[in-house]
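[1] return a 3D structure for these sequence lines:
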Amino acid sequence: MSKAGLNQHHLRRLSTAMAAIDATGGRLLELLDYKPSASSLTVIEDSLLPGERESIRDGIEQLRPLVMEFAQKHGLRASSRDLRRVMVAEVSRMWTILEDLHARKLRGMGAVPGAIAAEIDQDVDRMLAIVKELREVLMK
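    Take a look at the predicted model:
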C-alpha cells in the first residue's frame, strides 16, 4: 500500500483515468483548432456558438492543472510510451483495415462485380504497399 493507503490497483486505475482525461482534453483543444483538409474523408462541421469556443478552451485549461495536481497528490506516475511502438501499432491497424477491404472479404455483403473487385483490390494493394514500407521502416 502507498502512503495514502491506496494499493497498486487503485493507483493504476487512478493513473489510467487521469491519463484519459488529459488526453481527451488535448483532443478537445485540437478540435477547437481543427482546419478541414482537402484530403480528409472526415469533415467536422463547426456548430459552436459564438463564445463557446473560448469557454471550452478556458475550461480545459482550468482542468489540466487540476489533473496534474491530482496525480502529484496521489503519487501517480506519468506513463511512458515509446513512439516507435505506438507507430507500429497504428500502422498495423492500417494494415488490418486495408486487408479487410479486399473484394473477397466483402463477399459477405453481397457479390462485388468482377471489374470493380479488380479495381478495389488494385487500389487496396497500392495502399498496402505503402503501409508495408512504413512498417519496414519502423521495424528496423
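
[2] per-residue pLDDT, the spatially most central residue of the chain?
    Central residue of the chain (C-alpha atoms, centre = their mean): Glu90, 8.4 Å from the mean position. At Glu90, the predicted lDDT confidence score is 96.

[3] now it: how far from Ile44?
    Distance of Glu90 to Ile44, computed by C-beta to C-beta, to the nearest Å: 20 Å. From N, CA and C alone the C-beta is placed, and that goes for glycine too.

[4] which SSE is Ile60 in?
    If you go by DSSP states H and E, Ile60 is part of helix 52-73.

[5] and the average pLDDT for that helix is what?
    Rounded mean pLDDT across helix 52-73 is 96.

[6] then stretch 21-34?
    Here the average pLDDT along stretch 21-34 is 94.

[7] burial of Leu76, as a residue count?
    21 (other C-beta atoms under 10 Å).

[8] again with the one 5 residues further on
    By other C-beta under 10 Å, the residues close to Arg81 number 10.

[9] before we move on, the earlier item: what is the helix holding Ile60 packed up against?
    helix 8-32 (3 or more C-beta pairs under 8 Å, 6 or more residues apart in numbering; DSSP states H and E).

[10] which other residues reach the helix it packs on?
    2, 6, 44, 53, 56-57, 60, 63-64, 67, 70-71, 74-79 (C-beta atoms under 8 Å, 6 or more residues apart in numbering).

[11] likewise stretch 111-125?
    98, 101-104, 106.
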